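# Next one to model:
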Amino acid sequence: MRTVDPDRVPAALGGVPPDPRVVVSGNFATPATLLKAVDAALPEMRLFALNGQPGLPDREGVRLETAFVGPGQRRSPRLRYVPSRLSLVPRLFATTLRPDVVVLHTTTPRDGAVSLGTEVNVLPAAVEACRQHGGLVVAQMNPRMPWTYGDAVLPLDDVDVAVEVDEPLAAHTPRPVDDTSASIGERVASRVRDGATLQTGIGAVPDATLAALTGRRGLRIWTEMFSDGVLGLDAAGALDPAVPLTTSFVFGSPELYAWLDGNDRVRLLRTEHTNAPAAIARNPAMTSVNTALQVDLFAQANASRIATRIYSGFGGQTDFIVGALQSPGGQALMALRSWHPKADVSTIVPLVDEPVTSFQPSAVVTEQGVAEVWGHSERGQARNLIHQAAHPDVREELEEEARALGLL
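Next up is the predicted model:
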């Protein structure tokens, strides 16, 4: 490994082939300074980032690639969306999306290694595929990045070029939980028993769910990502101290990052392991909590598209629904508002008219109630969704549509 100043990055990229595929740390761990230098050095590139945030290079000559669309990619005319379950994205790097350059955001070195910190996800697979095919691995080494364990620890021998940059990490301050989200969170939490394993994401409903679980004991975490809600569970003594918290990436407040730094109770593992349905299924009472843009009367969920335009992607939803349903005592919950406040429409619809992201959760939870799905006939599912999950203003219309679909 050799360390260079940011203005020497173009020279370090001199042997990169024309129009290279560049894989960069995504979500909220993008190395801004290093990526800016890479962008300035490459007239053309294919830039792959999961859940890319605002600030990603988006210009003529850059083609954005991803299997999960973030706000920094969503409206780009240069976006190329590659549908894939998150657990299978690492296979793409070994086949159709081989990287020429991998751009990482790491800690500073310790004992011949660095840590990937808050973002492991698909990066180990990208590094392996890149090195196998003679590509270049470059890292922004940041003293502010928390040291994490598991698959986050990367030997220095796997890094070709390093740039030392001291810059703040992207952080998130949770918003106050509104009454609707609190109601949904309470309903979800009521289904979680002591000793259960949790998978949740980021947002008002996951935050409300975790806040409502502080009275439980022996809870476990096996998830794709977690945020500050886990801090509350830990402070309340709700987590099983003998079981590591397993995740693939983390995003939250500076307080969360300080708690994470050097915390050997937390393991950040490769996505192909955290999101493997078979690994998920081995957790006791695995409780998966996901959301959607729409759920229809056949219990099909659209969490990916709006008016045929890609909004996000499969993500880990399909992985965790399958894994949770296979877990002893497990359940897969779809939690969402019954009414979309911005679009001013019902989220429970007769039939989704977009490609389906997932189907057959255990139950659909809204502020109206809990609609049991799994184990019920299709007519029973439709009846429960209409009367337990849908907004009262659309129930009569949904009944008419259900009759036309042969569901009532």
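# Ends of stretch 214-223, what's the gap?
18 Å (C-alpha to C-alpha, to the nearest Å).
# ok, residues contacting it?
192-201, 213, 230, 232-233, 236-240, 243, 245-248, 274, 280, 283-284, 286 (C-beta atoms under 8 Å, 6 or more residues apart in numbering). (Glycine included, C-beta is placed from N, CA and C.)
# now swap in stretch 47-57 and tell me
Contacts of stretch 47-57 (C-beta under 8 Å, 6+ apart): 21-28, 30, 32, 35-36, 39, 62-73, 86, 89, 97, 99, 121-122, 170.
# Check stretch 186-196 too.
Contacts of stretch 186-196 (C-beta under 8 Å, 6+ apart): 198, 205, 208-209, 212-213, 216-220, 240, 284-287, 289, 329, 331, 333, 335, 363, 365, 367, 369-370.
# And it, what's buried?
The neighbour-count check on stretch 186-196 (16 or more other C-beta atoms under 10 Å) flags Arg187, Val188, Ala189, Arg191, Val192, Ala196 as buried.
# now the end-to-end length of that stretch.
First-to-last distance for stretch 186-196 - C-alpha to C-alpha - comes to 16 Å.
# what ranges do the helices span in the stretch 151-300 of the chain?
For the stretch 151-300 of the chain, applying DSSP state H, counting those that start in this stretch gives helices covering 179-189, 204-211, 229-235, 254-260, 271-274, 277-281.
# From the contacts of stretch 214-223, which land in strands?
Residues from the contacts of stretch 214-223 lying in strands, with DSSP state E as the criterion: Thr197, Leu198, Gln199, Leu245, Thr246, Thr247, Met286.
# since we're on Arg175, how many residues are nearby?
10 (other C-beta atoms under 10 Å).
# Show me what the nearest residue to Arg267 once chain neighbours are set aside bridges to in the sheet.
Once flanking residues are discounted, Arg267 sits nearest to Gly150: 3.7 Å by C-beta to C-beta, 6 or more residues apart in numbering. Residues in a beta bridge with Gly150, per DSSP bridges, are Leu268.
# from the buried residues of stretch 186-196, which single one is nearest Gly134?
Ala196 (46.1 Å; C-beta to C-beta).
# where are the low-confidence patches of this protein?
Of all residues in the chain, none has pLDDT under 70.
# can you list the domain ranges for it.
2-164, 179-404 (automatic domain parsing).
# ok, the nearest residue to Glu119 once chain neighbours are set aside to Thr95 distance?
The spatial neighbour of Glu119 that comes closest, neighbours along the chain excluded (C-beta to C-beta, 6+ apart), is Ala29 at 3.5 Å. Between Ala29 and Thr95 the distance, using C-beta to C-beta, to the nearest Å, works out to 25 Å.
# the more surrounded of those two?
Neighbour comparison, Ala29 and Thr95: the larger count goes to Ala29, with 27 against 8 (by other C-beta under 10 Å).
# quick one: contacts for the more buried one?
Contacts of Ala29 by C-beta under 8 Å, 6+ apart are His105, Leu116, Gly117, Thr118, Glu119, Met145, Leu169, Ala170, Phe249.
# cool, and Glu354?
Counting by C-beta under 8 Å, 6+ apart, Glu354 has contacts Leu293, Gln294, Asn302, Ser304, Arg305, Ile306, Thr308.
# Next, count neighbours for the closest residue to Leu88 other than its chain neighbours.
The shortest distance from Leu88 to any non-neighbouring residue, by C-beta to C-beta, 6+ apart, is to Glu272 (7.6 Å). Here the number of neighbours of Glu272 (other C-beta under 10 Å) works out to 21.
# pretty sure Glu272 contacts Glu128?
No - the criterion here is C-beta atoms under 8 Å, and Glu272 misses it with Glu128 at 11.2 Å.
# ok, now how distant is Pro10 from Met1?
18 Å.
# Repeat that for Arg216.
Following C-beta to C-beta, the distance that separates Arg216 from Met1 is 45 Å.
# From the neighbour counts alone, determine which of these two ranks first.
Arg216 (19 against 16).
# sorry, back to before: which among the contacts of Glu354 end up buried?
Looks like those have Leu293, Gln294, Asn302, Ser304, Arg305 buried, using 16+ other C-beta under 10 Å.
# bridging residues for the second one?
Gln294 has these beta-bridge partners by DSSP bridges: Asn302.
# Tell me who's in contact with it.
Counting by C-beta under 8 Å, 6+ apart, Gln294 touches Ala301, Asn302, Thr347, Ile348, Val349, Val352, Glu354.
# and it, how far is that from Asp160?
Using C-beta to C-beta, one obtains 45 Å as the distance from Gln294 to Asp160.
# for the first one, same thing?
From Leu293 across to Asp160, the span is 41 Å (C-beta to C-beta).
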